[in-house]
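Participant: generate coordinates for the sequence data below:
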Amino acid sequence: MHRQGQPRTRSRVRWVATVPPGTHVRRRGPAPERYTGPPSYPVVPRWGFPSVVWRWPTAVPGTASGGPVSPQRLHMITRNVVTVLWTLAGLTAIAAGAEIWRYVLLVRSRDSALDRGTVGVSDAFVLAFSLLAFVLALFAVAGTVWWLFAARSAAADAAGQDPPRSTWQVLLGTLVPGPNLVLAGPVLAELEHAVLGRRADQRPRPSRLVLWWWAAWIVNGVLLALTVGWRMRDGVQADADGVVLSALTDLAATVLAVLTARVVSRLTRLLAPADEGLPRPPSVVNVEGAPDPPRRTRPATAPR
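Facilitator: Down below sits the predicted model:
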């Protein structure tokens, strides 16, 4: 009985629906196939993995990576750039020697006639090594700028801050003739400042090596511009002076290439030491106690 003044309660009922027995039919899956051994082919398949050795993922050239520059990649770039720079130093040194030889022949020609073969060999040396040095200098500049951007990125990631200059400012200070004589030194000094782990609000103080590099950079640029302008003049004395200026320019380029190689190597060692940053990939030294691999007979119908 329900009394007045008391709240009415509802009885809680839980309905459960079940499937009647015998209505659910289980589906039978396919029976497992019997293992008959590894597959065999009448001829060697044309598909498979590429024929390359195992490498660290960060060492594969041409792969794009959104992460920071790895020490191994930085060492790979440094090794290539330093090789090109030392080769350039050798070519410019030989080109300077060829220009000096030409000047000696010009001095000798004032008193006596010169042999045609000797003059031809001298001209061939000057032309060949000057052209080779010019072409390799383009590769050296491109490789050094590539290393510069990689080192700037690695130094910024290690310091946890953005580079002090934008990309277009670095390109302006390294590639544009005129402004690069003034801005190349500060760009390299800022990189050295970041590599040494100094504070961002502290003024960069370049080392003697960077200062010597900056001086060689300015001297080489001034001599190159002076040589190009002097070559446009006419006259025997202008030609002789052009030979002397060309020899001095080649010698300055040799010094600049050597100093650039030293700067690149030094900053890379400070930024990514070889012992810690460059792991050696594993390699098989020797195999002992392994059975001889089975020899497979080649079918007579297989195409060669």
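Participant: so where do the helices sit in the stretch 51-200 of the chain?
Facilitator: Listed from the start of the chain, the stretch 51-200 of the chain has helices (DSSP state H, counting those that start in this stretch) covering 71-108, 116-159, 167-175, 179-195.
Participant: report the central residue of the protein.
Facilitator: The centroid of the chain falls nearest to residue 77 when counting by Cα atoms, centre = their mean (3.0 Å).
Participant: contacting residues for that one?
Facilitator: Residues near residue 77 by Cβ atoms under 8 Å, 6 or more residues apart in numbering: 143, 146-147, 150. To be clear about C-beta, it is placed using only N, CA and C from the backbone, and glycine gets the same treatment.
Participant: ok, of the residues you listed, which one's closest to residue 266?
Facilitator: Checking these against residue 266 by Cβ to Cβ gives residue 147 as the nearest, at 12.4 Å.
Participant: for this structure, what are the low-confidence residue spans?
Facilitator: 1-12, 22-26, 49-70, 274-282, 302-304 (pLDDT under 70).
Participant: quick revisit: return the distance of the residue nearest to the centre of the chain relative to residue 146.
Facilitator: Distance from residue 77 to residue 146, counting by Cβ to Cβ, to the nearest Å: 6 Å.
Participant: which element is residue 225 on?
Facilitator: Secondary-structure element containing residue 225, defined by DSSP states H and E: helix 208-231.
Participant: buried ones in the helix or strand that that helix is followed by?
Facilitator: Using DSSP H and E, the next helix or strand after helix 208-231 towards the C-terminus is helix 236-271. Along helix 236-271, these residues count as buried under the neighbour rule (16 or more other Cβ atoms under 10 Å): 241-261, 263-264, 267-268, 271.
Participant: cool, stretch 167-181 as well?
Facilitator: Taking 16+ other Cβ under 10 Å as the basis for neighbour counts, the residues of stretch 167-181 that come out buried are 170, 172-174, 180-181.
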